[in-house]
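**Q** Model the following, please.
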Amino acid sequence: MQLVINSRGSYLRKKNDCFLIKNEDKVFEVSVKKIDSILITTSAYFSTDAVKFAVDNNIDIIFLDHYGNPYGRVWHSKLGSTTLIRRKQLESSTGETGLNLAKEWVICKIENNIDFLKSLANSRPNKEKIINECVVSLEKKIYMLQKIKGSLEEKRNSIMAIEGMAGKEYFEALSHIIPERFKFNGRSRNPAKDEFNCLLNYGYGVLYSRVEKGCILAGLDPYLGFIHTDNYNKKSLVFDLIEMFRIFVDKTVVYLFSKRKVKKEYFDQIKNGLSLNQEGKAVLINALQETLEKKVRYRGRNIKNRNIIQFECHRIANNLLKQK
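**A** Presented below is the predicted three-dimensional model:
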């Protein structure tokens, strides 16, 4: 479970084998055994005892900025695994192995999008034609990716171009699903221009922190990317791997709109766009937690969606170790 602190002035401290939290007017305790991470989204207080308690129990404390982007985390300084994984990661990052991994991740993302669109079409016969046209086009993008051969260094731009086209078509299809008063025109990042993108951006920020943790636990270097190239202080691998898991946020946000749980009051007008306020963050984070806690059948086993992230990071690390 992820403990979320999103009320200004809240505090967190240790009490016996529990965390004691004061959130607005509520004071409650949560056993350390039930928590795998702590998310702080606003101004809050916490004791050094609480920090040490979290570190000792392998619980990371993540801080999100106004847009949902993680700007810092407190965690132990141990490597998740052997440094050999990082060496193999570096060796594989530009050649044929890197190309195959990059293709796999982007294809996985597009396949997730296709499956989601098909499920939406089944319950929306009036939108079926538009959605199915997008599905056919996305399937062609997968074929284009499968045909790419060579080294990642040579083909990186081609992969990113196909991914960009697929994303544009996917969000155009989703815009037809959203209630009329919340229609949006393509992706807009920080600040978001509309309510849909505002929720999406914040959800991706929450997801980003989970993917980074998955990389570290698996012994992968979050800064050493394959599709996204090296950049100062940019966690390029996290940007690469998050593509496979964005669907968790996409589904959560679309269903919030479909179930008419999104209100205009959840958003504040800021310069050049919108931001999600405290009430809106609570609704989104709770819904995303439900999505991540849901059990699904994945690669022959029943696991929670949130554990798929860690499973895939370990699978990638193990495959890198097998490279000669």
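**Q** and residue 133, what pLDDT?
**A** As predicted, residue 133 sits at a pLDDT of 95.
**Q** now swap in the one 5 residues further on and tell me
**A** Per-residue confidence (pLDDT) for residue 138: 97.
**Q** Just the CA atoms of the helix or strand encompassing it, as PDB, please.
**A** Following DSSP states H and E, one finds residue 138 within helix 128-147. In PDB, the C-alpha atoms belonging to helix 128-147 read as follows (Å, rounded to 0.1, in the frame of the first residue of the first chain):
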ATOM      1  CA  GLU A 128     -17.100   1.900 -32.500                       C
ATOM      2  CA  LYS A 129     -16.200   3.100 -36.100                       C
ATOM      3  CA  ILE A 130     -13.900   5.800 -34.900                       C
ATOM      4  CA  ILE A 131     -12.200   3.600 -32.400                       C
ATOM      5  CA  ASN A 132     -11.700   0.700 -34.800                       C
ATOM      6  CA  GLU A 133     -10.100   2.900 -37.400                       C
ATOM      7  CA  CYS A 134      -7.600   4.000 -34.800                       C
ATOM      8  CA  VAL A 135      -7.000   0.300 -33.800                       C
ATOM      9  CA  VAL A 136      -6.200  -0.600 -37.400                       C
ATOM     10  CA  SER A 137      -3.800   2.300 -37.700                       C
ATOM     11  CA  LEU A 138      -2.000   1.400 -34.400                       C
ATOM     12  CA  GLU A 139      -1.700  -2.200 -35.600                       C
ATOM     13  CA  LYS A 140       0.200  -0.900 -38.600                       C
ATOM     14  CA  LYS A 141       2.500   1.000 -36.400                       C
ATOM     15  CA  ILE A 142       3.400  -2.200 -34.600                       C
ATOM     16  CA  TYR A 143       4.200  -3.800 -37.900                       C
ATOM     17  CA  MET A 144       6.400  -0.900 -38.800                       C
ATOM     18  CA  LEU A 145       8.300  -1.300 -35.500                       C
ATOM     19  CA  GLN A 146       8.700  -5.000 -36.000                       C
ATOM     20  CA  LYS A 147      10.400  -4.400 -39.400                       C
END
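**Q** Buried residues of it, list them for me.
**A** 130, 131, 134, 135, 137, 138, 141, 142, 145 (16 or more other CB atoms under 10 Å). (C-beta placed from N, C-alpha, C; glycine too.)
**Q** so where's this protein uncertain?
**A** Along the chain, the model assigns pLDDT under 70 to residues 77-81, 230-233, 324.
**Q** Can you give me the domain boundaries for it?
**A** Per the record, the chain has its domains at 2-64, 84-322, by automatic domain parsing.
**Q** of those domains, which approaches residue 75 most closely?
**A** domain 2-64 (4.2 Å; CB to CB).
**Q** That closest one spans what distance, first to last residue?
**A** In domain 2-64, first residue to last residue: 14 Å (CA to CA, to the nearest Å).
**Q** Adjust the sequence numbering to begin at 43 for everything that follows.
**A** Renumbered: residue one is now 43, and that last one reads domain 44-106.
**Q** Turn the domains of the chain into JSON lines, including distance to residue 113.
**A** Formatted as JSON lines, those follow (distance: least, CB to CB, whole Å):
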{"stretch": "domain 44-106", "distance to residue 113": "6"}
{"stretch": "domain 126-364", "distance to residue 113": "10"}
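**Q** out of these, which comes closest to residue 112?
**A** It's domain 126-364; of these, that one is closest to residue 112 (CB to CB) at 4.3 Å.
**Q** With adjacent residues omitted, what lies nearest to residue 54?
**A** Spatially, and ignoring its direct neighbours in sequence, residue 54 is nearest to residue 88 (4.0 Å; CB to CB, 6 or more residues apart in numbering).
**Q** The one you found - how many residues pack around it?
**A** Applying other CB atoms under 10 Å, we find 20 residues neighbouring residue 88.
**Q** so what's it up against?
**A** Counting by CB atoms under 8 Å, 6 or more residues apart in numbering, residue 88 makes contact with 53, 54, 55, 82, 103.
**Q** wouldn't the third one be in contact with residue 69 here?
**A** No - using CB atoms under 8 Å, residue 55 makes no contact with residue 69, being 10.8 Å away.
**Q** Can you tell me the SS state at the nearest residue to residue 97 once chain neighbours are set aside?
**A** Using CB to CB, 6+ apart and skipping residues adjacent in sequence, the residue nearest residue 97 is residue 118, 5.1 Å away. Classification of residue 118 using DSSP: H, G, I helix; E, B strand; the rest coil returns coil.
**Q** same deal with residue 140?
**A** Residue 140 is classified as helix under three-state DSSP.
**Q** Distance check, it against residue 280.
**A** 16 Å (CB to CB, to the nearest Å).
**Q** so where do the helices sit in the stretch 243-366 of the chain?
**A** For the stretch 243-366 of the chain, the helices defined by DSSP state H, counting those that start in this stretch cover 278-283, 288-300, 320-335, 347-364.
**Q** Deepest in the core, which of those is it.
**A** helix 278-283 (a mean of 22; mean count of other CB atoms under 10 Å).
**Q** Show me what that helix is packed against.
**A** Helix 278-283 sits against helix 138-164, helix 237-260, helix 347-364, with contacts defined as 3 or more CB pairs under 8 Å, 6 or more residues apart in numbering; DSSP states H and E.
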